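1. coords below, sequence missing:
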Ligand SMILES: *[C@@H]1O[C@H](CO)[C@@H](O)[C@H](O)[C@H]1NC(C)=O
């Protein structure tokens, strides 16, 4: 075989390897998803190689996914878009152009990306904020919190917290003409994690008088004690977010110690003295029957890792908002939870729905059968998914009725 045909065979094999990924039958736009996934896997593998060679950090390579979607702040006839700093944290502000004396509603939006990538400046988040502002005639604050690995836990949490605290001051709400009783916090994935954690913490903050009216959580990450929930098992190799990438993001968020990744992968990372945490995420108790199918609950086994002592962040409710008593959940505002069937994080969201309901918090749960994780990030090019558009529309409609 000549050199050229050899190269051709290798190239075809590589293309086939990256493009082919087994997808669930009912998934929306399977071909688009396969191509999208191929592109993401190439970036991820590129990142691993670059990291092995010592050329750059894995997350620097993954940041490419964020950077290709960069869009500058651009105002149009309906919304004025500017960049500002709230308590030293960069935010992108969307303010309806229409002048009126009526107080406006507001949304604080927290983007996703595993605490390590993503930005409010990405085209898809920019679009979502623009649509929200335009259709609701609302002020939107999209937060560009600092990211791991450079800024690990609790910095991303603290950044979002200080933006919320700054914005909720009555002088600031007055400045932006916002009605204090009509403010929402929302976020997707790691952004949903931060939104949920910040909402919990704000309840206890005596300095903050204004509270959120509602929270909206798109396929949030909510717990760290059981990384073998049925959704982790069923969807561990699904497009966009694999189990291994979740664990990588989580370990980067918490520490530079790469043994943390290995310990988390075994799912035996919770020492016996933290036994009391398992009841908060016990899927045998909290998951509706249809999500349990084919799985048998086994009590989690304990490792002798000193994880609780060495990395207190991992079991902290600011990382894992599910790890709190019911008493901490009571008093949370009306919550909108979106989960996707073919998502590793599906059961985190569903368990939160069950626990909030048990605690008496009103919850609207929207479960999307034909979607994988992260579809909201694909409402703008290079890849656009219909299911992302539907999700964004439903969310904005829901906000319009409930905020
Ligand atoms: C989990 O829930 C099941 C069913 O409610 C129960 O039998 C089991 O003891 C629980 N396990 C833990 C570790 O909480």
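-> Happy to help now that I have it. Values in this document were obtained by computation on a predicted structure and should not be read as measured data.

2. now the spatially most central residue of the chain: how far from residue 301?
-> In the chain, the centroid-proximal residue (CA atoms, centre = their mean) is residue 189; its distance is 1.2 Å. Distance of residue 189 to residue 301, given as CB to CB, to the nearest Å: 28 Å. No exception for glycine: its C-beta is placed from N, CA and C like everyone else's.

3. Where is the longest helix in the chain?
-> helix 30-52 (DSSP state H).

4. Next, the buried residues of the helix or strand following that one.
-> Toward the C-terminal end, the helix or strand that comes next after helix 30-52 (DSSP states H and E) is helix 58-67. By 16 or more other CB atoms under 10 Å, the buried positions in helix 58-67 come out as 58, 59, 60, 61, 62, 63, 65, 66.

5. Now name the helix or strand holding residue 353.
-> helix 346-358.

6. residues in contact with that helix?
-> For helix 346-358, the surrounding residues in contact (CB atoms under 8 Å, 6 or more residues apart in numbering) are 192, 196, 217, 219-223, 229-232, 235, 280-281, 283, 286-288, 291, 321-322, 326, 329, 332, 335, 337-340, 363, 365, 367.

7. now the strands: where do they sit in the stretch 1-150 of the chain?
-> 79-86, 89-96, 104-110, 139-143 (DSSP state E, counting those that start in this stretch).

8. same for the first one, what does it pack against?
-> Read that as strand 79-86. If contacts are counted by 3 or more CB pairs under 8 Å, 6 or more residues apart in numbering; DSSP states H and E, strand 79-86 sits against strand 89-96, helix 123-136, helix 155-167.

9. Tell me the confidence at the closest residue in space to residue 246 that isn't next to it in sequence?
-> Computed as CB to CB, 6 or more residues apart in numbering, the closest residue to residue 246 that is not its neighbour in sequence is residue 344, at 5.6 Å. In this prediction, residue 344 carries a pLDDT score of 98.

10. which residues sit in contact with residue 344?
-> Shown in contact with residue 344 (CB under 8 Å, 6+ apart): 231, 232, 235, 236, 238, 241, 242, 243, 246, 373.

11. Nearest to residue 34 among those residues?
-> residue 238 (11.7 Å; CB to CB).

12. who touches that closest one in this structure?
-> 24, 342, 343, 344, 372, 373.

13. returning to that earlier point: include pLDDT and distance to residue 210 when you put the buried residues of helix 58-67 into JSON lines, please.
-> As requested, the buried residues of helix 58-67 are arranged in JSON lines below (pLDDT from 0 to 100; distance: CB to CB, whole Å):
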{"residue": "58", "pLDDT": "95", "distance to residue 210": "40"}
{"residue": "59", "pLDDT": "96", "distance to residue 210": "35"}
{"residue": "60", "pLDDT": "96", "distance to residue 210": "38"}
{"residue": "61", "pLDDT": "94", "distance to residue 210": "41"}
{"residue": "62", "pLDDT": "95", "distance to residue 210": "36"}
{"residue": "63", "pLDDT": "96", "distance to residue 210": "35"}
{"residue": "65", "pLDDT": "90", "distance to residue 210": "35"}
{"residue": "66", "pLDDT": "94", "distance to residue 210": "32"}
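
14. Spell out which two among those are the most distant pair, please.
-> 58 and 66 (13.8 Å).

15. Let me have the strands of the stretch 1-150 of the chain in a markdown table, adding distance to residue 163 as columns.
-> Output for the strands of the stretch 1-150 of the chain, formatted as a markdown table (distance: least, CB to CB, whole Å):
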| stretch | distance to residue 163 |
| --- | --- |
| strand 79-86 | 5 |
| strand 89-96 | 5 |
| strand 104-110 | 7 |
| strand 139-143 | 5 |
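
16. Need the winner for burial among these.
-> strand 139-143 (a mean of 27; mean count of other CB atoms under 10 Å).

17. got the angle for that one vs helix 155-167?
-> Direction vectors for strand 139-143 and helix 155-167, defined by axes from the mean of the first three to the mean of the last three CA atoms, to 10 degrees, enclose an angle of 160 degrees.

18. any idea how far strand 139-143 is from the chain center?
-> Taking CA atoms, centre = their mean, to the nearest Å, one finds the center of strand 139-143 at 16 Å from the center of the full chain.

19. Would you mind checking the average pLDDT for it?
-> 99.

20. who touches it?
-> By CB under 8 Å, 6+ apart, the list of residues contacting strand 139-143 reads 86, 89-96, 104-111, 120, 125-126, 129-130, 132-133, 159-160, 163, 167, 176-178.

21. Walk me through which strands it pairs with, and which way each runs.
-> Strand 139-143 sits in its sheet next to strand 89-96 (antiparallel), strand 104-110 (parallel), going by DSSP bridges.

22. if we can go back for a sec, just so I know, which of the strands of the stretch 1-150 of the chain lies nearest residue 273?
-> With CB to CB as the criterion, residue 273 lies closest to strand 104-110 of these, at 32.1 Å.

23. Run the chain-centre distance for that closest one.
-> Chain-centre distance of strand 104-110: 17 Å, with CA atoms, centre = their mean.

24. And the contacts of that strand?
-> Strand 104-110 is contacted from outside by 96, 120, 125, 128-129, 132, 136-143, 145, 160, 163-164, 167, 173, 176-179, 182-188, 191-192, 194-195, 198, 399, 403, using CB under 8 Å, 6+ apart.

25. quick revisit: tabulate the contacts of residue 238 (CSV), appending distance to the ligand.
-> As requested, these are exported to CSV (distance: CB to the nearest ligand atom, whole Å):
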residue, distance to the ligand
24, 28
342, 25
343, 23
344, 21
372, 28
373, 26
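
26. Run through the residues of this structure sitting next to the ligand.
-> Within the chain, the positions lying close to the ligand (CB under 6 Å from any ligand atom) are 278, 279, 282, 284, 285, 299.
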